[in-house]
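Participant: Need coordinates for the following:
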Amino acid sequence: MSHACEVPTLSQLPTDDLIDWLRMLMRAERAGARLMLDSARETDDPTLLRRLEQLHDGEAESCRRLRHCLERLGAKPGGGIGEFYAKAMAITDVHERLQFIARGQRWVARQLEARLPQIEQPWLRKELEVVLQLHQGPHQH
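Facilitator: Numbering: from 1, shown residues only. A predicted model of the protein is given here:
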């Protein structure tokens, strides 16, 4: 029996998998933004503060873009900041913590690079490409 004339399935709609993935990235970005703010409170080194501010701006911009993507897909952004935050804050040396955070940034970049070719919506690909650029820019040492 042919299934060609079936009612459109959920696979034609934004998949739960895509939404879960975007929410996971959003939790990571939220964790990053909060890490920058909390780390800034622990230092008075002007160079480090400038670096944290740059990183925070990138994370905050990524959060905004991911939230916009989720809303446009008809999904709620979801809450939480992910366990990455607690792991990073457990590192007492701020410079070491920044290296750990940089590894997290590279993880997000790899996630985006792997998934981007499969994103069908041009507007969504464009938004995610900007998020990827934000992770490849000032984050690289």
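Participant: In contact with Gly32, which residues?
Facilitator: Contact analysis of Gly32 by C-beta atoms under 8 Å, 6 or more residues apart in numbering lists Leu55, Glu59, Ser62, Phe84, Ile101, Gly104, Gln105. Every C-beta, even on glycine, is put in place using the N, C-alpha and C of the backbone.
Participant: wait, what's in contact with the residue nearest to the fourth one when sequence neighbours are not counted?
Facilitator: Going back to what we said before, that points to Phe84. Nearest residue to Phe84 in three dimensions, chain neighbours excluded: Ala31, at 4.7 Å (C-beta to C-beta, 6 or more residues apart in numbering). Ala31 makes contact with Ile81, Gly82, Phe84, Tyr85, Ala88, Gly104, according to C-beta under 8 Å, 6+ apart.
Participant: Out of these, which two sit at the greatest distance?
Facilitator: Maximum pairwise distance among the contacts of Ala31 (C-beta to C-beta): 12.1 Å, between Ile81 and Gly104.
Participant: For the two, work out which one has more neighbours and name it.
Facilitator: Gly104 (21 against 17; other C-beta atoms under 10 Å).
Participant: Next, the residue nearest to Phe84: phi, psi?
Facilitator: Ala31 has phi and psi values of phi -60, psi -40 when expressed as degrees, to the nearest 10.
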